[in-house]
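> Take a look and give me a structure for this.
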Amino acid sequence: MNAITGAVHPTSTWNTHRWTEVVQHHAGLLRGAVSQAEPDLPVPTTPGWTFRDITLHVGRFAAQVTQYLTTRSIVMLPPPPVPDDDPVEYLDQRLAALHEALAATPANVPVWTLSPAAPDLAWVWHRRAAHELNLRRWEAQAALRTLDPTERDLAVDGIDETLTTLLPAKYGTEIPVTVTGTVLVSATDGPESWRITLTPGEIPATRAAMATDHADAHLSSTAADLHYHLRDRTHLEGHGSPALLRAIIVE
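I've put the predicted structure just below:
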């Protein structure tokens, strides 16, 4: 796969190989943070969570993605059980297996994915794994006040995944869209912008924004700030309808 398929802002630099490299790099950063923290230390960006919780979550997430890629299931699988193992040992084992599965799976292998707006192809899991590992290492580092900056192009791809894959997944389950209107999300440190249309009873629709577009709400900042705001880890002040601005956040 040479580029993101189905993305609003595709770029030839993103492919399964690069997403796998991101997973490996951010897994190392996360592991470094976990090794510095006591298991009961809180993770403030996810209220109620501790480092033990984030360690187990990432391990189970890695196990789930590995399961899809290795079985190549075209139906939804049950989540992996909560392990009895030591959380850090479990994390190490699952991350190693995840990296192996990502590296061994071609982009266009048919497999169930998590969103009604995403194709049922393996590259969706490569992308999901990259951004989940980045998000969780960011949370862990933020809790320790040892935060590494996020590369701009990774943040842009994370925004795109949030709006084109995770937002439809949020409203594609039992959560209905209850607001009507449009939101413009714009990066202030680059040319990318997205227009999201929300309609009750429908999956949110996202496309690249045009200069002539008008919207009911606007949100703009650097790509990194937008990315973590849209995942409900930081807060930005937008303009326009507060309900629409809240509706595009994916926890």
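> Find the nearest non-adjacent residue to residue 7, please.
Spatial nearest neighbour of residue 7, chain neighbours left out: residue 160 (5.0 Å); criterion: Cβ to Cβ, 6 or more residues apart in numbering. Backbone N, C-alpha and C define where each C-beta goes, glycine included.
> Residue 104 too?
Computed as Cβ to Cβ, 6+ apart, the closest residue to residue 104 that is not its neighbour in sequence is residue 69, at 7.8 Å.
> Buried ones in the helix or strand hosting that neighbour, by neighbour count?
Assigned by DSSP states H and E, residue 69 falls within helix 51-71. When burial is assessed from 16 or more other Cβ atoms under 10 Å, helix 51-71 yields the following buried residues: 51-69.
> now swap in stretch 199-216 and tell me
For stretch 199-216, the neighbour count (16+ other Cβ under 10 Å) marks 203, 204, 205, 206, 209, 215, 216 as buried.
> Give me the residues contacting it.
With Cβ atoms under 8 Å, 6 or more residues apart in numbering as the test, stretch 199-216 has contacts from 8-9, 116-117, 163-164, 167-168, 171-172, 176-186, 192-198, 240-241, 244, 248.
> from those residues, which would you call buried?
Among these, those classed as buried by 16+ other Cβ under 10 Å are 8-9, 117, 163-164, 167-168, 171, 177, 179, 181-186, 192-198, 240-241, 244, 248.
> Out of the residues you listed, list just those in strands.
181-186, 193-198, 240 (DSSP state E).
> need those residues in JSON lines with distance to residue 98, can you?
Output for those, formatted as JSON lines (distance: Cβ to Cβ, whole Å):
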{"residue": "181", "distance to residue 98": "39"}
{"residue": "182", "distance to residue 98": "37"}
{"residue": "183", "distance to residue 98": "33"}
{"residue": "184", "distance to residue 98": "35"}
{"residue": "185", "distance to residue 98": "30"}
{"residue": "186", "distance to residue 98": "34"}
{"residue": "193", "distance to residue 98": "33"}
{"residue": "194", "distance to residue 98": "29"}
{"residue": "195", "distance to residue 98": "34"}
{"residue": "196", "distance to residue 98": "30"}
{"residue": "197", "distance to residue 98": "35"}
{"residue": "198", "distance to residue 98": "34"}
{"residue": "240", "distance to residue 98": "40"}
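> out of the residues you listed, which one sits closest to residue 135?
Ranked by distance to residue 135 (Cβ to Cβ), those are led by residue 185 at 17.5 Å.
> Are we agreed that the residue nearest to residue 7 is in a strand?
No. Counting by DSSP: H, G, I helix; E, B strand; the rest coil, one finds residue 160 to be helix, located in no strand.
> does it really touch residue 196, like I thought?
No. In terms of Cβ atoms under 8 Å, residue 160 does not count as a neighbour of residue 196; the distance is 11.6 Å.
> what sits in contact with each of those two?
Residues touching both residue 160 and residue 196 by Cβ under 8 Å, 6+ apart: none at all.
> Now for residue 8: which residues touch it?
Applying Cβ under 8 Å, 6+ apart to residue 8 gives the contacts 160, 163, 164, 194, 206, 207, 208.
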